[in-house]
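A.B. asks: This is a predicted model, with the sequence first.
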Amino acid sequence: MVRLVPRETKFFELFENMSSNLTKAARLLAETLGDMENVQVRVRQLSDLEHIGDDITHTILTRLNQTFITPFDREDIHKLASSLDDVLDFIHAAGERLVMYKIGVVPPAAAELAHIIIRQTEELAIAVAMLEKHDHVLEHCVEVNRLENEADTVARENIGKLFEREKDPITLIKLKELYEVLETATDKAEDAANVLESVVLKGA
Amino acid sequence: MVRLVPRETKFFELFENMSSNLTKAARLLAETLGDMENVQVRVRQLSDLEHIGDDITHTILTRLNQTFITPFDREDIHKLASSLDDVLDFIHAAGERLVMYKIGVVPPAAAELAHIIIRQTEELAIAVAMLEKHDHVLEHCVEVNRLENEADTVARENIGKLFEREKDPITLIKLKELYEVLETATDKAEDAANVLESVVLKGA
Amino acid sequence: MVRLVPRETKFFELFENMSSNLTKAARLLAETLGDMENVQVRVRQLSDLEHIGDDITHTILTRLNQTFITPFDREDIHKLASSLDDVLDFIHAAGERLVMYKIGVVPPAAAELAHIIIRQTEELAIAVAMLEKHDHVLEHCVEVNRLENEADTVARENIGKLFEREKDPITLIKLKELYEVLETATDKAEDAANVLESVVLKGA
C-alpha cells in the first residue's frame, strides 16, 4: 500500500503555503484586536484560514505517510507541520475568545502581543522559504525565540497589572485567558523555530 | 538485555482491552453526570477504571521496549497508547471535578459532552478492532474527528452562555473548567484517531 | 555538515549538570515559599537557574543533532532533556506567580508540594547518575511516580478546600493556579522518570 512518491512531493512548497496562510491569520487577528467594529465577520474569516491550515497540515501528514524519501527527517516534517498548525489554532482561539466572551474593549497589550505574533510568523515564513538551501535559517529562528521572550514579558506584566486593577473577577478571567492564549501562540511559534533549527543543524 | 519477543506480543489485543475499558469509563461518566445520586461511589469506580487503563498502558510500553518486531510503527504504538490513556485521564478528571468542586447541579451540556465522548470511544474501539485487517478504519477515524468538532461547538456555545448568565464567579470557574476538561477528552480522542489513520495510511 | 562526534560527547555528564541545577532550583523554590521575605530576589535567582537549564538543554540538543553515535536512543535523549527542562520551567513559573500575583501569604500546602518536587528532583538526579551503569535506576523512577501521586492528592484536596473556604474569587484564582503549576512540575518529573525507565528497559 505504500507508494513511492518522488522527492518532488513538494514538502517545501506545502510548508511555504502553510506559513503564508499563518502570516495572513496573524495580521487578521491584529486588525481584529485593533478595531472591534466587525469582530464577528473577522473571526469567521479567521476560522476560514484555520480550515485552510488544517487542510494543508492534513495533506502534509498524509503525503508523509505515503512517501519513502523525504527532503528532511520524517519526524521533523511531522513536528514542523504540527507546530505551525498549533500557532494557527491559538491565533484562531484568541479571536474566538472575543466572540465567546463578548469582549468589547481590548486592552492595548493584547494588540501588542498580536503584533509580536505577526513578526514571528513573518520570520518563520522567511526561515521556511530558506530551508531548502539552509541559508540564514538560524538567524530567523533566533529572532522568533527572542520575540517569544518579549511576548512572555508583555503577557506577564499585563496579567500582573490586571490583577492589581481589575476588580470584576469575571472580566479578569476573560482578559487573563486572552493574554494567555496569545502568549501560547508565541510559544508554539518558538516550537516551530526549534524544529527548523534542528533541521538545519542536522544538515539534512 | 533486549529479548526478542515474537510478533504475537498481542499489541492488538492489549489495545482492544484498553479501548473497551475506555468505553466503560465514558459510559460511567455519562451516568454520573446524568444522576448525581452516588457521585462519590461512581467517581471511585472511575478511578479504578483509570488504574486499569494505566496498567494496560504500562504493559504496552514495557513490552514495546522489549520487542524487536512490532506489528506497526514503534512510535505509533507509543502514541496510540499515550493518547488513549489521555482520553481516560480526562474522563476521570471530569468526574473528579464533581467531587473536588462539590458541583451539585450539572448543566445538561456537560452530559451532552459526555455522550459525545461515549460515541468517540465506541468509534475508537471499532477502529482498534479493525486495525489488524485495516478494514474500514479510516471512516471511524473521520467520525471521531467530526465528533470532536461537534463537542468543540457545544463547549464554546455553553461557555459563552455561562459568561452571560452566571453571575457568581466561583460557580463560573467550576463549570467552565468542567466543560474544558470534557472538551479536552474529545481532543485526545481525536489525537488517537489521527494515530490510527496514520497507521493505516502507512499500510503497516 | 554532520560531524562525527565520539561517544564521549558526555551526554551523561550534561544530564548530571542538568539534574543538579534542577535540584538547586527546587530547593530555592521551597525556601521562597517558606519565607516570603526576599521573594523578588529569590525569584530572580530562580530565573538565573532557569537560564542555566536552558543553556544545558540547548547544548544537549545541538550536540545531539551533530552526533552520529549516541549513548542511548536519540529520541530518548531529546525527551529526557525536554522533560527535565519542563520541570525547571514549572518550578520557575511557580516562583513567578508569587511576584506577578503579589501573593503575600502562601498556604502551607504550596510549600508541601515544593518539598515533594525537591524529593522528585533528588530521585531524578540519582537515577541520572546511575543511568550509564543501569544500576537501580528503576527503583528511583518508581519513587518519582509515587511522589507524583502524592502531589496529585495534596493538590486536589487543597484546591477542594480552597473552593470551600476562599470567598474572594480573585484570591482563589491566584492560589488555584499556584497549586496547579506546582502539580504540573511533578507531572513533568514523572515524564522524565518514564523516559529513564524506558532507556533502562531497552537495555541501551
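C.D. replies: The structure has been received and is ready for your questions. Numbers count the residues shown, from 1 in each chain, chains lettered A, B, ... in the order given.
A.B. asks: what's near enough to touch the nearest residue to residue A:24 once chain neighbours are set aside?
C.D. replies: Spatially, and ignoring its direct neighbours in sequence, residue A:24 is nearest to residue A:49 (6.0 Å; C-beta to C-beta, 6 or more residues apart in numbering or on different chains). Bear in mind the C-beta positions are built from the backbone N, C-alpha and C, glycine included. Applying C-beta atoms under 8 Å, 6 or more residues apart in numbering or on different chains to residue A:49 gives the contacts A:21, A:24, A:25, A:28, A:88, A:92.
A.B. asks: Repeat the analysis, applying 10 Å as the threshold.
C.D. replies: Counting by C-beta atoms under 10 Å, 6 or more residues apart in numbering or on different chains, residue A:49 makes contact with A:21, A:22, A:24, A:25, A:26, A:28, A:29, A:88, A:91, A:92, A:95.
A.B. asks: Same check on residue A:38?
C.D. replies: Here residue A:38 is in contact with A:31, A:32, A:44, A:45 (C-beta under 10 Å, 6+ apart).
A.B. asks: so how far is chain B from the first one?
C.D. replies: So the one you mean is residue A:31. 22 Å (C-beta to the nearest C-beta, to the nearest Å).
A.B. asks: is it true that that residue touches residue A:43?
C.D. replies: No - in this structure, residue A:31 is not within contact of residue A:43 by C-beta atoms under 10 Å, at 11.3 Å.
A.B. asks: what's the neighbour count on the spatially closest residue to residue A:158 that is not a sequence neighbour?
C.D. replies: Spatial nearest neighbour of residue A:158, chain neighbours left out: residue A:109 (4.0 Å); criterion: C-beta to C-beta, 6+ apart. Counted with other C-beta atoms under 10 Å in any protein chain shown, residues neighbouring residue A:109 total 19.
A.B. asks: Over to residue A:46?
C.D. replies: By other C-beta under 10 Å, neighbour count at residue A:46 equals 24.
A.B. asks: And the one 5 residues further on, by the same measure?
C.D. replies: Burial measure for residue A:51: 12 neighbouring residues, criterion other C-beta under 10 Å.
A.B. asks: List the contacts of residue A:140.
C.D. replies: A:120, A:122-130, A:193, A:196-197 are the contacts of residue A:140 under C-beta under 10 Å, 6+ apart.
A.B. asks: hmm, back to that, the residue nearest to residue A:158: which element?
C.D. replies: Assigned by DSSP states H and E, residue A:109 falls within helix A:108-130.
A.B. asks: I'd like to know which elements that helix is packed against.
C.D. replies: Of the remaining helices and strands, those touching helix A:108-130 by 3 or more C-beta pairs under 10 Å, 6 or more residues apart in numbering or on different chains; DSSP states H and E are helix A:11-34, helix A:74-100, helix A:137-165, helix A:169-201.
A.B. asks: Give me the nearest residue to residue A:60, chain neighbours excluded.
C.D. replies: Residue A:60 sits nearest to residue A:81 (C-beta to C-beta, 6+ apart), 4.5 Å away.
A.B. asks: And the one you found, how close does it get to residue A:152?
C.D. replies: Using C-beta to C-beta, to the nearest Å, residue A:81 is found at 25 Å from residue A:152.
A.B. asks: Pick out whichever of these two has more residues nearby.
C.D. replies: residue A:81 (24 against 17).
A.B. asks: which regions of chain A sit below the pLDDT cut-off?
C.D. replies: A:1-9, A:204 (pLDDT under 70).
A.B. asks: 90 - rerun?
C.D. replies: A:1-10, A:34-38, A:62, A:65-69, A:104, A:133-135, A:201-204 (pLDDT under 90).
A.B. asks: need the residues of it near chain C, please.
C.D. replies: Within chain A, the positions near chain C by C-beta under 10 Å from any C-beta of the partner chain are A:73, A:75, A:134, A:152, A:155-164, A:166-170, A:172-173, A:176, A:194, A:197-204.
A.B. asks: Could you pull up the residues touching the residue most central in space within chain A?
C.D. replies: Ranked by distance to the mean C-alpha position of chain A (C-alpha atoms, centre = their mean), the top residue is residue A:87 at 2.5 Å. By C-beta under 10 Å, 6+ apart, the contact list for residue A:87 reads A:18-19, A:22, A:25-26, A:53, A:117, A:120-121, A:124, A:184-192.
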